[in-house]
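S.K.: The following block contains a protein sequence and its predicted model.
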Amino acid sequence: MPDYNLNRRVTKPYIRSAAIRRNDGFVHEGAHHCHIIRRVSEELGIRPVTGDQGFVTSDGRFVDRVEGCQIAIKAGQINQARYPHQSDPELFSEDLWSWPYGTSPWISVHEMLPSNRKPVLVTDGRTQSISQYDTSYWAYTGLAYAVTHWMPLPPLPENRS
């Protein structure tokens, strides 16, 4: 399980997002390859969406599924590959974003936005912060880049002593 200590800087590379590198070299990012394909198809009208499926690392490099798997294991994002007995195990976005109790709680801003003025945890894929969405913009994110995902804040502890 990755260390989500917000006060430390990540020094080793990690997988930032799933990605598809189109044949013209342009890279589209998202949480899952199927979401990227749907978004590119619907928003840009590109059909079929062809290119290499892979991942983008924390330093902005596009890597294939095999190298992505190696990076995710070293970064502690996954414990092992889905098919560890393969000679070159591959990474799947479903493995990367899975959590102990189901799918990742992160919600893409392309899929849904939170209720207005409700505090939520936000990320730009590099760091995290607490912010709120106000009609058409994110207020006080403190992030260096645009918000890509958000999730509800967890409830306060019941025993507050």
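M.R.: Now that the structure is in, tell me what you want to look at. Numbers count the residues shown, from 1 in each chain.

S.K.: For the rest of this, base every contact and every neighbour count on C-alpha atoms.
M.R.: Fine.

S.K.: How far away from the center of its chain is the longest helix belonging to the chain?
M.R.: The helix of greatest length in the chain, counted in residues with DSSP state H as the criterion, is given as helix 33-44. In terms of Cα atoms, centre = their mean, to the nearest Å, the gap separating the centre of helix 33-44 from the centre of its chain is 15 Å.

S.K.: Please export the C-alpha coordinates of that helix as CSV.
M.R.: The C-alpha atoms that make up helix 33-44 are tabulated as CSV, following Å, rounded to 0.1, in the frame of the first residue of the first chain:
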residue,chain,number,x,y,z
HIS,A,33,-8.0,2.9,-20.5
CYS,A,34,-11.7,2.3,-21.2
HIS,A,35,-12.5,5.8,-19.8
ILE,A,36,-9.8,7.3,-22.0
ILE,A,37,-11.2,5.5,-25.1
ARG,A,38,-14.7,6.7,-24.3
ARG,A,39,-13.7,10.3,-23.7
VAL,A,40,-11.6,10.5,-26.8
SER,A,41,-14.2,8.9,-28.9
GLU,A,42,-17.1,11.0,-27.6
GLU,A,43,-15.4,14.4,-27.1
LEU,A,44,-13.0,14.4,-30.0
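
S.K.: got the contact list for it?
M.R.: Residues external to helix 33-44 that are found in contact with it (Cα atoms under 8 Å, 6 or more residues apart in numbering): 18-20, 28-30, 46-49, 53, 93.
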